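Trainee: Kindly generate the corresponding structure for this input.
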Amino acid sequence: MDIAANIAKIKNTLPLGVNLVAVSKTKPIADILEVYHSGHTIFGENKVQELVRKYEQLPKDIEWHFIGHLQTNKVKLIIPFVQLIHGVDSFKLLKVIDSEAKKINRMVKCLMQFHIAEEDTKFGLNLNEAREILVNNEFKSFRNVIITGVMGMATYTENTGQIRNEFKFLNVIFSTLKNEFFSGDKRFAEISMGMSDDYQIAVEEGSTLIRVGSKIFGERNY
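Mentor: Purely as a prediction, here's the structure:
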């Protein structure tokens with residue numbers, strides 16, 4: 001399998017302004033280095049221990065994104081180096097991220113995760129829950145987290161119409177929050193949606209960040 005060719009092929013199809021997160025979870029260091037040496041430096045992991053181990057072993061100019069469900073008791077382990085946390089789905093988690101980042105004088109970028117799928121197994125906020133966080137005075141006092149956009153995962157289905165509608169919905173959520181809370185903030189600019197099987201639809205519906213693993217590295221190793 002030619003990993004470098006796979007990533008080049010995907011990147012060549014992406015319009016300007018859409019970035020690729022190479023999802024390297026379960027993949028060995030050698031595979032990640034192959035992608036890195038092809039010139040790609042943005043990687044995503046969904047398990048804290050695995051991310052920390054890889055961070056320690058790999059070049060330090062890699063931009064690490066945490067893309068999984070993050071437990072509050074593990075936040076401190078990734079705060080020193082993580083560049084973007086994709087899945088902030090509660091005020092409690094945001095508070096811990098701000099607190100841990102403050103201890104080491106770091107600003108950490110976060111995306112608010114929304115539940116856009118029909119599946120109950122996926123995490124995420126609804127629009128009213130997000131508004132409650134953003135109007136909260138305690139949130140307004142946070143100085144070490146930057147909300148840079150939204151994230152969501154579509155239903156795992158072959159119904160492309162449904163997937164498209166769910167991505168459209170996330171784009172509407174993004175625009176709503178932009179207008180209500182972030183109209184003057186250029187940093188609020190990311191819509192993280194789209195994975196190996198549906199990223200082309202996501203890009204058509206306004207995604208700025210796609211998370212692709214198996215189309216680059218092959219099927220996951222368990």
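
Trainee: wait, G206 sits on N171?
Mentor: Yes. With contact defined as CB atoms under 8 Å, G206 reaches N171; the gap is 4.4 Å. C-beta here means a position set from N, CA and C on the backbone, and glycine is covered the same way.

Trainee: Phi and psi next, for the most centrally placed residue in the chain.
Mentor: Centroid check for the chain by CA atoms, centre = their mean gives H86 as the closest residue, at 3.1 Å. Backbone torsions of H86, given as degrees, to the nearest 10, read phi -80, psi -30.

Trainee: okay but it is in contact with G44, surely?
Mentor: Yes. Counting by CB under 8 Å, H86 touches G44, with 7.4 Å between them.

Trainee: joint contacts of the two?
Mentor: H65, F66, I67, R211 (CB atoms under 8 Å, 6 or more residues apart in numbering).

Trainee: Tell me which two in those are the farthest apart.
Mentor: F66 and R211 (11.2 Å; CB to CB).

Trainee: so what sits against both of these two?
Mentor: Counting by CB under 8 Å, 6+ apart, the residues touching both F66 and R211 are G44, H86.

Trainee: which regions of the protein sit below the pLDDT cut-off?
Mentor: Within the chain, the ranges that satisfy pLDDT under 70 run 121-122, 220-222.

Trainee: Would you state the strands of it in chain order?
Mentor: In the chain, the strands defined using DSSP state E lie at 19-23, 42-45, 63-66, 84-88, 108-114, 145-152, 190-192, 209-212.

Trainee: Next, the buried residues of the lengthiest helix in the chain.
Mentor: If you go by DSSP state H, the chain has its longest helix at helix 160-181. For helix 160-181, burial by neighbour count (16 or more other CB atoms under 10 Å) applies to I163, R164, E166, F167, F169, L170, N171, I173, F174, L177, K178, F181.

Trainee: Relative to F217, which of those residues is nearest.
Mentor: Among the buried residues of helix 160-181, and counting by CB to CB, the member closest to F217 is I163, at 22.4 Å.

Trainee: surely that closest one meets D198?
Mentor: Yes. The criterion here is CB under 8 Å, and I163 meets it with D198 at 5.1 Å.

Trainee: who touches both of those two?
Mentor: Between them, I163 and D198 share the contacting residues A154, judged by CB under 8 Å, 6+ apart.

Trainee: Spell out the residue ranges of the helices in the chain.
Mentor: 3-12, 29-37, 48-57, 75-78, 91-103, 127-135, 137-140, 160-181, 199-204, 214-217.

Trainee: give me the number of residues near V18?
Mentor: V18 has 18 neighbours, counted by other CB atoms under 10 Å.

Trainee: Next, show the common contact partners of G206 and N171.
Mentor: I191.

Trainee: if we can go back for a sec, between which two of the buried residues of helix 160-181 is the distance greatest?
Mentor: By the measure CB to CB, I163 and F181 form the most distant pair in the buried residues of helix 160-181, at 27.2 Å.

Trainee: sorry, back to before: between the helices of the chain, which one is closest to I146.
Mentor: I146 lies closest to helix 91-103 among the helices of the chain, at 9.7 Å (CB to CB).
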